[in-house]
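K.L.:
No sequence on hand, only this structure:
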């Protein structure tokens, strides 16, 4: 055991580097990285389930959307302030995850993937069905006046970046602490061999449900933050595409690594950003990336790095 | 005459949907049954069938100046072959290399989905394009009712269907019987069933399992393509048209019992007919919400499907 020193120092360095980036990045990349950091929280949440517990979900857009709408709808229709709305978003992410988990965990493997996909699809269609409140695909804009968080104007570039940074840093260290805790070890044990974990006396069902709820809360936080920081709530974020993207990010960066999600999101975001300047068919890149990854690097970038050079990488 | 005639019309529309759906879902079910692969790109093979049909029909009709029925016939012959060949290549290049591991194949087929869909967007464009049906006579529907003066026949009474729609139903039934005959009466079918039953024993008896898999994947995609060629004169070809058939095929295959062909056809009939009838009376979005939730619940509480007997 190398203890907490090396990984801790590495993650602290990454956090400080991202903080420094706030003062160094040019305007366009400053805005883009704020988006990347928020989406990285989404990917971190996905990774808790997929990377560490070994549960492949195809329905995480539902949790992101639960956070987005759990925050957005009360603000829009009940005039709720941003602070309680944000925490309401996290709570709805966790709650929806608990409900989905309670049902979906009765299945495993391929059936689990399809059940989560179907729940997410039902959620997406429900958002479209209540057109009157959600404005469907068109979505609604959260007014700038409402987007004040403890007196800070979230629409201001610096505040926006730093809030995204803060959220990401907190989430990253929370996940790091989780996966290095005894409970996190049990999750990995379940991923590696569920039967053995059960035989050792762990309540596997409870740990899995716990992982889904934590994952849902993180995704809900990402959704709520995304809505608040960028002022837009729309049904696109609940569509299948947003269930596939976190899978792609995590696979790319490295499933079961704490920094993998950030790396995956950054890489994909800029890849899609660059290619969408050339063609409308930018999801082609995502598709090709998925196929290439499954063929040649199922462990992802950081997974390969860990296998070859840095076995201590959490 | 009150609700009855409209129900008749709705069930005819439902039967057309059920016909196309049973072909598409049969392809998905065959691939899952034999290969244990969930092919998320199945809807895109359907879409490719429609797009290929448009290319072939347009080429034959406009460049060669042949009549519409010839273009359609050419499309019916070429499109499934082309799509099947592509699926064969996809199996050999991608699925075989990940060793048919269930989770990795799903991720790979999601990748294929986006590659096929987006490549079509680049090559075919974002517009929906029609294909001329080979024949299209309006047929007025008869309706028989017990009226005040005894049995009365209303004909014509306003609503009608077309000869082409009846042809779609007939063609689908013929194809389903054909697939059943291939599976139960030919050597290919025997080999496929043996592989489905026990992959390793089949291999041990000298069955080239990898070729059977590639063949099965091609046939599955070809069935989706045939269904698309049949439907494209009614619906237009569009690069996003693969989503609905994929979702509905999933529903059908799961409700019918994963891998059970008879269950698949029965479920396609049930879903197709009820979708045709329900969407006449209810909002289609609500119908889809209920259908997706139903699928999730079936998988959670009855994983062997509604018609399957074997516990999973």
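P.N.:
Structure's in. What do you need? Just so it is clear, the model here is predicted, and its values are computed rather than measured.

K.L.:
switch to C-alpha atoms for all contacts and neighbour counts from now on
P.N.:
Noted.

K.L.:
give me the residue from chain A nearest chain B.
P.N.:
residue A:287 (3.8 Å; C-alpha to the nearest C-alpha).

K.L.:
Now for the nearest residue to that residue once chain neighbours are set aside, which secondary structure element holds it?
P.N.:
Ranked by C-alpha to C-alpha, 6 or more residues apart in numbering or on different chains and with sequence neighbours excluded, the top spatial neighbour of residue A:287 is residue B:111, at 3.8 Å. Assigned by DSSP states H and E, residue B:111 falls within helix B:102-124.

K.L.:
other SSEs contacting the following helix or strand past that helix?
P.N.:
Using DSSP H and E, the next helix or strand after helix B:102-124 towards the C-terminus is strand B:138-140. If you count contacts as 3 or more C-alpha pairs under 8 Å, 6 or more residues apart in numbering or on different chains; DSSP states H and E, strand B:138-140 packs onto strand B:160-162.

K.L.:
Helix, strand, or coil at the residue of chain A closest to chain B?
P.N.:
Three-state assignment for residue A:287 (DSSP: H, G, I helix; E, B strand; the rest coil): helix.

K.L.:
Next, count neighbours for it.
P.N.:
25 (other C-alpha atoms under 10 Å in any protein chain shown).

K.L.:
And residue A:132, by the same measure?
P.N.:
If you count neighbours by other C-alpha under 10 Å, residue A:132 ends up with 9.

K.L.:
Per-residue confidence, the residue of chain A closest to chain B, what does it come out as?
P.N.:
If you check residue A:287, the pLDDT there is 84.

K.L.:
Quick one: end-to-end length of stretch B:250-263, please.
P.N.:
Length of stretch B:250-263, first residue to last, C-alpha to C-alpha, to the nearest Å: 13 Å.

K.L.:
Give me every residue in contact with it, excluding its own residues.
P.N.:
B:25-26, B:28-30, B:32-34, B:264-268, B:271, B:291-292, B:295, B:298-299, B:303-308 (C-alpha atoms under 8 Å, 6 or more residues apart in numbering or on different chains).

K.L.:
Only whichever of those are buried, select them in ChimeraX.
P.N.:
The buried residues among the contacts of stretch B:250-263 can be selected in ChimeraX (16 or more other C-alpha atoms under 10 Å in any protein chain shown) with this line:
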select /B:25,26,28,29,30,32,33,34,264,265,266,267,268,271,291,292,295,298,299,303,304,305,307,308
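
K.L.:
Which ones among the contacts of stretch B:250-263 lie within strands?
P.N.:
Among the contacts of stretch B:250-263, no residue falls in strands (DSSP state E).

K.L.:
Intersect the contacts of stretch B:250-263 with the contacts of chain A.
P.N.:
B:292, B:295, B:299 (C-alpha under 8 Å from any C-alpha of the partner chain).

K.L.:
Provide a list of residues in contact with the last one.
P.N.:
The neighbourhood of residue B:299, defined by C-alpha under 8 Å, 6+ apart, consists of A:107, A:111, A:115, B:254, B:305.

K.L.:
Go through these and name the one nearest residue A:196.
P.N.:
residue A:107 (18.4 Å; C-alpha to C-alpha).

K.L.:
got the contact list for the residue of the stretch 101-250 of chain B found nearest chain A?
P.N.:
For the stretch 101-250 of chain B and chain A, the shortest gap (C-alpha to the nearest C-alpha) falls at residue B:111, measuring 3.8 Å. Residue B:111 makes contact with A:286, A:287, A:288, A:289, A:290, A:291 under the criterion C-alpha under 8 Å, 6+ apart.

K.L.:
The second one touches residue B:107, doesn't it?
P.N.:
No: the pair residue A:287 and residue B:107 does not pass the contact test of C-alpha atoms under 8 Å, sitting 9.5 Å apart.

K.L.:
need the residues of the stretch 51-200 of chain A near chain B, please.
P.N.:
A:56, A:103-104, A:106-107, A:109-111, A:114-116, A:118-119, A:121-123, A:125-126, A:128-129.

K.L.:
go with 6 Å
P.N.:
Contact residues, the stretch 51-200 of chain A versus chain B (C-alpha under 6 Å from any C-alpha of the partner chain): A:107, A:115, A:118, A:122.

K.L.:
Tell me where chain B is predicted with low confidence.
P.N.:
B:1-4, B:141-160, B:258-259, B:276-277, B:279-281, B:304-312 (pLDDT under 70).

K.L.:
Tell me how many other residues surround residue 243.
P.N.:
Looking at chain A here, since you left the chain open. Neighbour tally, residue A:243, other C-alpha under 10 Å: 24.

K.L.:
should've been chain B
P.N.:
Residue B:243 has 17 nearby residues by other C-alpha under 10 Å.

K.L.:
what do you get for residue B:62?
P.N.:
13.

K.L.:
Contacts only, for it.
P.N.:
Residue B:62 is in contact with no residue at all, counting by C-alpha atoms under 6 Å, 6 or more residues apart in numbering or on different chains.

K.L.:
before we move on, back to that, among the contacts of residue B:111, which two are most distant?
P.N.:
That would be A:286 and A:291, which, of those, are the farthest apart (C-alpha to C-alpha) at 8.8 Å.

K.L.:
Quick one: the helices in chain A, in order.
P.N.:
A:5-24, A:27-47, A:61-78, A:82-104, A:109-129, A:131-134, A:157-180, A:182-192, A:194-199, A:204-230, A:241-253, A:260-276, A:283-296, A:300-308 (DSSP state H).

K.L.:
So which elements touch the fourth one?
P.N.:
Applying 3 or more C-alpha pairs under 6 Å, 6 or more residues apart in numbering or on different chains; DSSP states H and E, one finds that helix A:82-104 makes contact with helix A:61-78, helix A:204-230.

K.L.:
which outside residues touch it?
P.N.:
Under C-alpha under 6 Å, 6+ apart, the answer for helix A:82-104 is A:63, A:66-67, A:70-71, A:112, A:149, A:209, A:213, A:216-217, A:220-221, A:224.

K.L.:
Now distance to residue A:185 and neighbour count too, for these, in CSV please.
P.N.:
Formatted as CSV, the contacts of helix A:82-104 follow (distance: C-alpha to C-alpha, whole Å; neighbours: other C-alpha atoms under 10 Å in any protein chain shown):
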residue, distance to residue A:185, neighbour count
A:63, 24, 37
A:66, 28, 32
A:67, 28, 34
A:70, 32, 24
A:71, 33, 33
A:112, 23, 24
A:149, 36, 17
A:209, 15, 20
A:213, 17, 26
A:216, 20, 35
A:217, 20, 29
A:220, 24, 39
A:221, 24, 33
A:224, 29, 31
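
K.L.:
I'd like the residues you listed as JSON lines, with pLDDT appended.
P.N.:
JSON lines is the format used below for the contacts of helix A:82-104 (pLDDT from 0 to 100):
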{"residue": "A:63", "pLDDT": "93"}
{"residue": "A:66", "pLDDT": "91"}
{"residue": "A:67", "pLDDT": "90"}
{"residue": "A:70", "pLDDT": "88"}
{"residue": "A:71", "pLDDT": "87"}
{"residue": "A:112", "pLDDT": "83"}
{"residue": "A:149", "pLDDT": "73"}
{"residue": "A:209", "pLDDT": "90"}
{"residue": "A:213", "pLDDT": "92"}
{"residue": "A:216", "pLDDT": "92"}
{"residue": "A:217", "pLDDT": "92"}
{"residue": "A:220", "pLDDT": "91"}
{"residue": "A:221", "pLDDT": "91"}
{"residue": "A:224", "pLDDT": "89"}
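
K.L.:
among those residues, which two are most distant?
P.N.:
Greatest spatial distance among these (C-alpha to C-alpha): A:112 and A:149, at 37.9 Å.

K.L.:
Looking at the contacts of residue B:299, which one is closest to residue A:198?
P.N.:
residue A:107 (16.3 Å).
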